[in-house]
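Colleague: Need the 3D shape of this:
(chains A and B)
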Amino acid sequence: MAAWSGARRREAVQRNGLAALLLSPAVLLFTVFVVLPMVEAAWYSFYRWNGYGTPTQYVGLRNYWVLLRNGVFSSALLNTAMVVAVSLLVQLPLALGMALLTAKRFMGVNLFRTIFFLPYILGEVVAGLIWRFVFDDSFGLSHAIAAWLQVEPPYILADPDLAIYAILAVVVWKYFGFHMMIYIAGLQDIPREMQEAAAIDGASRFQQLRQITLPMLAPSIRLSVFFAVVGALQLFDLVMPLTGGGPANATHTMVSFQFVFGITRMDIGFGSAVGVVLFVLCVGFTAAFRRVLTRRA
Amino acid sequence: MVSGRLFPAARLGVLILVAVLVLVPLVTVALGGFKTMGELRTNPFGLPALWDWTNYGGILASTVFWRALANSALLSAATVFLTVSLGLMAAFAFAQIRFLGRSFLFSYFLLGLLFPAATAILPLFVRIRDLGLLDSYWGVILPQTAFGLCMSIVLLWGFFRQLPQELWGAAVIDGCGYGGFLWHVVLPLSRPILATVSVFTLVHSWNAYLLPLTLLNSSQRYPWPLAIMQYANEYSVDWNLVLAFITLTLLPAVGFFLLAQRQIVEGLTSGAVKG
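Modeller: Sure, this is the predicted structure:
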């Protein structure tokens, strides 16, 4: 009996030791480069600090106070909200429509899916540069249209009121294919028999869509809403090549604001405060979203 | 109900319209690289009157272009290797070994899926600088790996968990330890999921911008997104050169996508990202 429990204990020690060995590199990297910096961001946000030595100049909530009264940050928040809105109200319906149109097999269906998905795999920076050319007033699309109408071409990206709409268009162009793929996956999980039965019962295409397809697609829609919102909150790479947050700081998102006013100026406390606001919005959205879902389920 | 014959035609019309909207900017850029500045002004969207290869040739002969691609290849290869191998070890432990604090540690990694990377960027800069890794390849590879690990662990764990328990029993009878089991049984079975995780990590690190932008200073170490931004700002008046540069950096991505399409599409559609 004693020998048996000794062997068992040795086996347990071995098991735990092996697990520790396998896990320690991942835990170490994740802790040092992800978790600690998140905690430090909260800590640094209470200081005024240029990054040298250790933070000593405690300023309390001043960074947050300055942030709240900063007009550029308010417009960055508004822009971010617009990206979220367009992602949900334009991009997702478009993605769903394209998924429904390519759900059934026909000649060339894969070609269309591939084309729609293509912008997603391009780097954000290069997608932004491509569209900077398309929007260029002396070469691109607006130049061609204006020449055709014989008017002075507008430079959309240099117009503080219009530039954000250009960014929104590029966001839809770049990401709708990704969401389409999520919907296609969801559509494939719907049993064919259900639709066939409904068709036999005389349900119209529209009725089938409303009564069967959309409810069955709910998990995919939830997933895509989640990705769309969390991605929109963190939008950055696309903005830099298109406008860099300009003209006149009119097109900043939260992260481009953080980059220009926190990172390039090495204002670590202030930049971290922006990061904390972003963190609260991301985690807050996820928590609220899960709550709504579990309540409904 | 739309009549049976009208629907396919209408559907095709809509699909072609959207496809054209998606492709026009890409084709315009590729063709623009062949044009002179004068032609670019008068004919931005059509075929070039004269195929001028000097823009492309000049870039292909420049060190800037090849150095940027080499930097990106190095950073991505190291990130993918580390993310997949460390993720594999951790996911195997979570799925197959019973140990103290397993569910706690797993939730710890799950948290990482919620964290926006930008929040950590300034403290990360301070940490990388204090470690003496600023402006070095490792200074980008390690944080990139750390941020990719959560997703990699969750995806691999989801796969390992589904492996039948009998496999492990059979491996024990054959005298296999955990190491042998991982190497001889689990690894060969998990090739598809490993491919999916690698492809997603690769696409992510190949296109990464914010992290290298913050952590690298010298342009000799720039991966291509930083190099192309620098190039575009330097030659902002010579759009034809910039367009050729853009096209050349697109080619590896598009080629790779066509090669790895199966992994990407399967990864998205097999429920791998549904968590």
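Colleague: So which residue is smack in the middle of the chain?
Modeller: Here I'm looking at chain A. With distances taken as C-alpha atoms, centre = their mean, the residue of chain A nearest its centroid is A:Gly231 (0.6 Å).
Colleague: let's do chain B instead
Modeller: Using C-alpha atoms, centre = their mean, the most central residue of chain B is B:Val203, at 1.0 Å.
Colleague: so what's it up against?
Modeller: By C-beta atoms under 8 Å, 6 or more residues apart in numbering or on different chains, the residues touching B:Val203 are A:121, B:264. Any C-beta I mention is one placed from the backbone N, CA and C, and that applies to glycine too.
Colleague: Now do it against B:Phe45, distance only.
Modeller: According to C-beta to C-beta, to the nearest Å, B:Val203 stands 29 Å off from B:Phe45.
Colleague: Over to A:Val260?
Modeller: 33 Å.
Colleague: Those two: which has the busier surroundings?
Modeller: Shown here are A:Val260 and B:Phe45; by other C-beta atoms under 10 Å in any protein chain shown, A:Val260 has more neighbours (19 against 15).
Colleague: distance between the ends of stretch A:178-198?
Modeller: The straight-line separation of the ends of stretch A:178-198 (C-alpha to C-alpha, to the nearest Å) is 29 Å.
Colleague: quick one: the strands in chain B?
Modeller: Assigned by DSSP state E, chain B shows no strands.
Colleague: where does it dip in pLDDT?
Modeller: Residue ranges of chain B with pLDDT under 70: B:1-5, B:267-275.
Colleague: My guess is A:Pro25 contacts B:Gly87. True?
Modeller: No - between A:Pro25 and B:Gly87 there is no contact under C-beta atoms under 8 Å: 10.0 Å.
Colleague: and these two? which has more neighbours close in?
Modeller: Set A:Pro25 next to B:Gly87 and count neighbours by other C-beta under 10 Å: B:Gly87 wins out with 27 against 17.
Colleague: residues touching the residue nearest to that one when sequence neighbours are not counted, list them.
Modeller: Leaving aside its chain neighbours, B:Gly87 sits nearest to B:Ser152 (3.2 Å; criterion: C-beta to C-beta, 6 or more residues apart in numbering or on different chains). Listed by C-beta under 8 Å, 6+ apart, the contact set of B:Ser152 reads B:83-84, B:86-88, B:91, B:197, B:201.
Colleague: hmm, try it at 6 Å
Modeller: Shown in contact with B:Ser152 (C-beta atoms under 6 Å, 6 or more residues apart in numbering or on different chains): B:83, B:87, B:197.
Colleague: out of the residues you listed, who's nearest A:Gly6?
Modeller: For these, the closest approach to A:Gly6 (C-beta to C-beta) belongs to B:Gly87, at 35.2 Å.
Colleague: circling back: can you pull the buried residues of the helix or strand hosting the residue nearest to the centre of chain A?
Modeller: If you go by DSSP states H and E, A:Gly231 is part of helix A:218-233. Neighbour-count burial for helix A:218-233 flags A:220-224, A:226-230, A:232-233 (criterion: 16 or more other C-beta atoms under 10 Å in any protein chain shown).
Colleague: out of these, which touch chain B?
Modeller: Among those, no residue lies close to chain B (C-beta under 6 Å from any C-beta of the partner chain).
Colleague: closest to A:Gln91 among those residues?
Modeller: A:Ala228 (6.7 Å).
Colleague: And the helix or strand of chain A with the lowest mean pLDDT, what's buried?
Modeller: Least confident helix or strand of chain A, by mean pLDDT, DSSP states H and E, is helix A:141-149 with a mean of 75. Neighbour counts over helix A:141-149 (16+ other C-beta under 10 Å) mark A:141-144 as buried.
Colleague: now swap in stretch A:115-132 and tell me
Modeller: Within stretch A:115-132, the residues that count as buried by 16+ other C-beta under 10 Å are A:115-132.
Colleague: ok, and does stretch B:180-190 reach over to chain A?
Modeller: No - counting by C-beta under 6 Å from any C-beta, chain A has no neighbours in stretch B:180-190; the shortest distance is 8.7 Å.
Colleague: So what touches stretch B:210-218?
Modeller: Here stretch B:210-218 has contacts from A:236, A:263, B:121, B:125, B:128, B:135, B:139-140, B:223, B:226, using C-beta under 6 Å, 6+ apart.
Colleague: Most neighbours among these, please name it.
Modeller: B:Pro223 (29 neighbours).
Colleague: leaving aside the residues next to it on the chain, what's closest to that residue?
Modeller: Counting by C-beta to C-beta, 6+ apart, B:Pro223 lies nearest to B:Ser72, which is 4.0 Å off, once chain neighbours are set aside.
Colleague: OK, contacts around the one you found?
Modeller: Applying C-beta under 6 Å, 6+ apart, we find B:Ser72 in contact with B:206, B:223-224.
Colleague: Could you look up the SS state of A:Phe236?
Modeller: coil (DSSP: H, G, I helix; E, B strand; the rest coil).
Colleague: The closest residue to it other than its chain neighbours: what's it in contact with?
Modeller: Ranked by C-beta to C-beta, 6+ apart and with sequence neighbours excluded, the top spatial neighbour of A:Phe236 is A:Val255, at 3.8 Å. Each residue near A:Val255 by C-beta under 6 Å, 6+ apart is listed here: A:234, A:236, B:118.
Colleague: cool, B:Leu40 as well?
Modeller: Going by C-beta under 6 Å, 6+ apart, B:Leu40 touches A:139, B:32, B:239-240.
Colleague: which residue sits closest to A:Ala20, ignoring its sequence neighbours?
Modeller: Distance criterion C-beta to C-beta, 6+ apart; nearest residue to A:Ala20, sequence neighbours excluded, is B:Phe99 at 7.6 Å.
Colleague: Would you list the phi and psi of that neighbour?
Modeller: Main-chain torsions, B:Phe99, degrees, to the nearest 10: phi -140, psi 170.
Colleague: For burial, what's the neighbour tally of it?
Modeller: 17.
Colleague: Thought A:Asn16 was touching it, still the case?
Modeller: Yes - counting by C-beta atoms under 6 Å, B:Phe99 does reach A:Asn16; the two are 4.7 Å apart.
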